[in-house]
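K.L.:
pasted the sequence and its predicted model underneath.
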Amino acid sequence: MKEKKNKPKYALITGGSRGIGRAICIQLAKDLDYGLLINYNGNKEAAQQTLNEVEDLGGKGEIMQFDVTDAEAVNKALDTWHSKNKDAVVEVIVNNAGITKDGLFMWMNQDDWNSVINTSLNGFYNVTNALIQKLLVNKYGRVINMVSVSGLKGTPGQVNYSAAKGAVIGATKALAQEVAKRNITVNAVAPGFINSDMTAELDQKELKKMVPANRFGEAEEVAHLVSFLASNKASYITGEVININGGIYS
């Protein structure tokens, strides 16, 4: 057991460069003793800024470029990292990368359908599948999947996004049962309207009337929940979908 404690431990956050992903990285740096692997796809500058903020807090980490939809790229990036960090173990996976391509279903083209499904659902598969055997060998792990209120109740104009997040919810519940005996938890966090790049163009004044709390949430509020689920304090919570939405759906 002592040997395992001495291994450098890491948390991988996909889509960690901005918005909720950045807030999660910062909160993990504050709360838990993990090196952070901050994944980004295209915006290296934003990822570096996240890392700078982590380091300003006394945390440590590195940025890691790959597209979660590209299984070969995911495996190559992680294999390269493991070969350079032979004693290190990734204990926490936060599947945060996601995109929206909103529009009514009858006008939705195949690219808008596929790209959203590929990022959220296949991204979850590509990243988690690449690491799950190591978690099982390690006999400890935390997998946290960022889903959405859309995946629970369905949102008109977001059939693709609702389908993708709903599928990840099903996968979360199934995988949780497969790996629980090895002290690995798998949970989903379902935000409602959160102030971020994704919601910047929404009519907040109109939409917050739908929210009993009468406001949009903050990325930091989501990050606190993720940080708790990533800790050993949450070891008896698994297969759950935790809403964080101001009461919009419960």
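P.N.:
Everything's here; your move. None of the values given here were measured: they were computed from a predicted structure.

K.L.:
SS state for Pro156?
P.N.:
For Pro156, the assignment made with DSSP: H, G, I helix; E, B strand; the rest coil gives coil.

K.L.:
quick one: it and Asn129, what's the gap?
P.N.:
Distance, Pro156 to Asn129, using CB to CB, to the nearest Å: 32 Å. C-beta here means a position set from N, CA and C on the backbone, and glycine is covered the same way.

K.L.:
more crowded one of the two?
P.N.:
Higher neighbour count among Pro156 and Asn129: Asn129, with 13 against 10, using other CB atoms under 10 Å.

K.L.:
what residues does that one make contact with?
P.N.:
By CB atoms under 8 Å, 6 or more residues apart in numbering, Asn129 lies in contact with nothing.

K.L.:
so how far is Leu175 from it?
P.N.:
Counting by CB to CB, the gap from Asn129 to Leu175 is 10 Å.

K.L.:
now Ala230
P.N.:
16 Å.

K.L.:
tell me which of those two has more neighbours.
P.N.:
Using other CB under 10 Å, the more surrounded residue of Ala230 and Leu175 is Ala230, with 26 against 20.

K.L.:
which residues touch that one?
P.N.:
With CB under 8 Å, 6+ apart, Ala230 has these contacts: Ala11, Leu28, Leu32, Tyr34, Val92, Val94, Arg142, Ile144.

K.L.:
now, the residues you listed that are in helices?
P.N.:
The helices, defined by DSSP state H, take in Leu28 from the contacts of Ala230.

K.L.:
for this structure, what's the longest helix?
P.N.:
Ranked by number of residues, the top helix in the chain under DSSP H is helix 159-179.

K.L.:
from the chain's centroid, how far away is that one?
P.N.:
Centroid separation between helix 159-179 and its chain, computed with CA atoms, centre = their mean, to the nearest Å, is 13 Å.

K.L.:
angle of the following helix or strand past it against helix 159-179?
P.N.:
Using DSSP states H and E, the helix or strand that directly follows helix 159-179 along the chain is strand 184-191. Here strand 184-191 runs at an angle of 160 degrees relative to helix 159-179 (axes from the mean of the first three to the mean of the last three CA atoms, to 10 degrees).

K.L.:
quick one: average pLDDT of strand 184-191?
P.N.:
For strand 184-191, mean pLDDT is 97.

K.L.:
buried set for that strand?
P.N.:
Of all the residues in strand 184-191, those buried under the rule 16 or more other CB atoms under 10 Å are Ile184, Thr185, Val186, Asn187, Ala188, Val189, Ala190, Pro191.

K.L.:
do the same with stretch 14-32
P.N.:
For stretch 14-32, by 16+ other CB under 10 Å, it's 14-29, 31-32.

K.L.:
which ones among the residues you listed are found in helices?
P.N.:
Gly19, Ile20, Gly21, Arg22, Ala23, Ile24, Cys25, Ile26, Gln27, Leu28, Ala29, Asp31.

K.L.:
sorry, back to before: and the buried residues of strand 184-191, which two are furthest apart?
P.N.:
Within the buried residues of strand 184-191, Ile184 and Pro191 form the most distant pair, 23.2 Å apart (CB to CB).

K.L.:
could the buried residues of strand 184-191 go into JSON lines alongside distance to Ala71?
P.N.:
Putting those into JSON lines (distance: CB to CB, whole Å) gives the following:
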{"residue": "Ile184", "distance to Ala71": "21"}
{"residue": "Thr185", "distance to Ala71": "24"}
{"residue": "Val186", "distance to Ala71": "20"}
{"residue": "Asn187", "distance to Ala71": "24"}
{"residue": "Ala188", "distance to Ala71": "22"}
{"residue": "Val189", "distance to Ala71": "24"}
{"residue": "Ala190", "distance to Ala71": "26"}
{"residue": "Pro191", "distance to Ala71": "27"}
